[in-house]
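Asker: build me a model from this:
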Amino acid sequence: IKVLLGGGIGAVALMLALLLGSQFDAFCGFVRRLSTLERTLLAGFLIMFVAYGGTKPVDPEPPEEGPYCEVVDGVEWTYMVRDGHAVLGGDDMIHPAVANTVRELHIPSVVGGYPVRRIGSGAFSGLAVTNAVTIPDGVVEIGTNAFYCCGSLKNVTFPAGLRTIEPRAFYNCLLSSVRLPSSMREIGEEAFSGCTELKQVVFCGSSIQIGASAFYGCNQLTDVFANSLEDWFGLSFAGPTSNPLYYAGALHLGNVEIRSVLTIPESVVAIPAYAFCGLRGVNLVEFCSSLARIGQSAFSDTLDVAAYSFAGATPPQFDNNCFGTSVRGRQAYVRPGSSGWESLESRYGMEVMETESVPPTYAIEYCHLEGAENANVGSYTVTNGVEFSALENRPGQTFLGWSPSRIDAGTVGDLCVTALWARVSLEAN
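Answerer: Here you go, the predicted model:
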């Protein structure tokens, strides 16, 4: 113990000599005046100070941002380092090594020992031959213009944790379908604008802010998918062309397409702006009694809608242009004794009718078949008898009537009516 204590005191004395300089002799005189016990306690304190508190750990220097380069799977990747993560391509720094050589691009999850978190702005802008891109798990952001005008890009696989697609990230690409993970929270303006081959968009989650014109010009869209109506109402659209339904027309909830009747369930208090903008194939919209608000342009360009049914005793708040501009003559069914519906007549030109039950609405699609036209009416319960009006004669044919000529009240089932025509003899004319 004496040896250890003596060695420790010697080390402390050397350190003090270096620190105190000319004051060291005065300190030694102070120590000599102490008792043996006091000297021992002082030595122990100084040893503990040196061992545990005399030095502070030095934080390692953060790495420089870069850029750096590393070859992974035969491809040279350029990246920046920020907050311990790699930004692939940096921001506004294009990958010249892969610009015109790689057809199927598999982005690495780690470069230079750093996990890839972000694909930088403009990183792969203008790729000429790449037709497929796989983005790995761990990437949460795709930067502005990241794949801007990639003229051959048809398929992109998004990672499960992706949260943000920034503006114009896939502008003017040839994507055929887009499947957005449940982790998505933001899609920037014009993110998929100009993707004229896009046919299908799948939303796997909800709570997504979708910027202006995110799907502008995607006029080949045919189908949009969401898990449920609640998830669909969780999407926030900045305008009509932010909603892919504007072009697609067909909305599928849980793989079931909404057709003929759209029923808003009692749990819904508000319908978001632009929610059903462009919806096709729906003839009747049934609003629940709990509904308090219909958002701006929520039902604009819903050209097939013929009637609305309101279950509430008072009307909800009608935001600007919530039914669109081409609704004059449509029917609004309200409950007997309810009030406040005048704006539907004065503002939108609808015909407001009080009724306990809503008459069925039929979507009749004609197809020519050797002098007859079949009209598939669909599956309905007929609460009021329906008669079909006569059709105009056509060149060379005379309209004879419908078979059956009417559908009686209480009829249930898959109904079909046929328009009958007689050919006109040329000799008789």
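Asker: and Gly138, how far from Gly84?
Answerer: 12 Å (Cβ to Cβ, to the nearest Å). To be clear about C-beta, it is placed using only N, CA and C from the backbone, and glycine gets the same treatment.
Asker: of these two, which one has the most company?
Answerer: The residue with more neighbours, out of Gly138 and Gly84, is Gly138; 19 against 10, by other Cβ atoms under 10 Å.
Asker: pretty sure that one belongs to a strand, no?
Answerer: No: assessed by DSSP: H, G, I helix; E, B strand; the rest coil, Gly138 does not belong to a strand; its assignment is coil.
Asker: wait, it touches Arg117, no?
Answerer: Yes: here Gly138 lies in contact with Arg117, judged by Cβ atoms under 8 Å, at a distance of 6.4 Å.
Asker: what segments of the stretch 151-300 of the chain are strands?
Answerer: Here the stretch 151-300 of the chain has its strands, by DSSP state E, counting those that start in this stretch, at 155-157, 164-165, 177-180, 186-187, 200-203, 208-210, 223-226, 235-237, 250-253, 256-257, 260-263, 270-271, 282-287, 293-294.
Asker: redo the ones you listed as CSV? Include mean neighbour count, distance to Ala132 and mean pLDDT.
Answerer: As requested, those are arranged in CSV below (neighbours: other Cβ atoms under 10 Å; distance: least, Cβ to Cβ, whole Å; pLDDT from 0 to 100):
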stretch, mean neighbour count, distance to Ala132, mean pLDDT
strand 155-157, 16, 4, 97
strand 164-165, 24, 17, 98
strand 177-180, 18, 12, 98
strand 186-187, 21, 21, 98
strand 200-203, 21, 16, 98
strand 208-210, 21, 24, 98
strand 223-226, 21, 21, 97
strand 235-237, 23, 27, 98
strand 250-253, 19, 25, 95
strand 256-257, 10, 29, 89
strand 260-263, 17, 37, 87
strand 270-271, 20, 38, 98
strand 282-287, 20, 36, 89
strand 293-294, 20, 42, 97
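Asker: closest one to Met80 among those strands?
Answerer: For these, proximity to Met80 was assessed by Cβ to Cβ; strand 164-165 is nearest, at 17.5 Å.
Asker: outside of that closest one itself, list whatever touches it.
Answerer: With contacts defined as Cβ atoms under 8 Å, 6 or more residues apart in numbering, strand 164-165 is touched by 140-142, 184-188, 191.
Asker: each with direction, which strands does that strand pair with?
Answerer: strand 141-142 (parallel), strand 186-187 (parallel) (DSSP bridges).
Asker: export those to JSON lines and tack on distance to Thr157?
Answerer: Shown next, in JSON lines, are the strands paired with strand 164-165 (distance: least, Cβ to Cβ, whole Å):
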{"stretch": "strand 141-142", "distance to Thr157": "12"}
{"stretch": "strand 186-187", "distance to Thr157": "17"}
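Asker: select, out of those, the one closest to Val305.
Answerer: strand 186-187 (27.3 Å).
Asker: so what touches the closest one?
Answerer: Under the criterion Cβ under 8 Å, 6+ apart, residues 163-165, 180, 208-211, 214 lie in contact with strand 186-187.
Asker: now do 6 Å
Answerer: 164-165, 209-210, 214 (Cβ atoms under 6 Å, 6 or more residues apart in numbering).
Asker: which of the residues you listed lies closest to Trp232?
Answerer: The nearest one, if we look at the contacts of strand 186-187 relative to Trp232 and count by Cβ to Cβ, is Ile210, at 12.0 Å.
Asker: give me the distance between the closest one and Glu356.
Answerer: Going from Ile210 to Glu356 by Cβ to Cβ gives 40 Å.
Asker: give me the below-cutoff pLDDT ranges for the chain.
Answerer: Counting by pLDDT under 70, the ranges of the chain that qualify are 1-34, 37-63, 90-100, 357-429.
Asker: rewinding a little: would you turn the strands of the stretch 151-300 of the chain into a markdown table with distance to Gly337?
Answerer: Formatted as a markdown table, the strands of the stretch 151-300 of the chain follow (distance: least, Cβ to Cβ, whole Å):
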| stretch | distance to Gly337 |
| --- | --- |
| strand 155-157 | 55 |
| strand 164-165 | 50 |
| strand 177-180 | 45 |
| strand 186-187 | 45 |
| strand 200-203 | 40 |
| strand 208-210 | 40 |
| strand 223-226 | 36 |
| strand 235-237 | 36 |
| strand 250-253 | 33 |
| strand 256-257 | 35 |
| strand 260-263 | 23 |
| strand 270-271 | 24 |
| strand 282-287 | 17 |
| strand 293-294 | 22 |
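Asker: among those, which is nearest Ser326?
Answerer: If we rank the strands of the stretch 151-300 of the chain by Cβ to Cβ, the stretch that ends up nearest is strand 282-287, at 14.8 Å.
Asker: partner strands of that closest one, parallel or antiparallel?
Answerer: strand 260-263 (parallel), strand 307-310 (parallel).
Asker: can you tell me which of those strands comes nearest to Leu291?
Answerer: Using Cβ to Cβ, the nearest of these to Leu291 is strand 307-310, at 8.1 Å.
Asker: contacts for that closest one, please.
Answerer: 284-287, 331-334, 358, 361.
Asker: mind redoing it with 10 Å?
Answerer: With contacts defined as Cβ atoms under 10 Å, 6 or more residues apart in numbering, strand 307-310 is touched by 261-264, 283-289, 291, 294, 299, 316, 323, 327, 330-335, 338, 341, 344, 348, 350-353, 355, 357-359, 361.
Asker: if we can go back for a sec, now the strands paired with strand 282-287 in JSON lines, with distance to Thr157?
Answerer: Listed next are the strands paired with strand 282-287 as JSON lines, based on distance: least, Cβ to Cβ, whole Å:
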{"stretch": "strand 260-263", "distance to Thr157": "33"}
{"stretch": "strand 307-310", "distance to Thr157": "41"}
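Asker: nearest to Cys150, out of those?
Answerer: Proximity to Cys150, assessed across the strands paired with strand 282-287 by Cβ to Cβ, is greatest for strand 260-263 (37.0 Å).
Asker: just give the closest residue to Gly239, not the sequence neighbours.
Answerer: In this structure, Gly239 finds its nearest non-sequential neighbour in Ala212, 5.1 Å apart by Cβ to Cβ, 6 or more residues apart in numbering.
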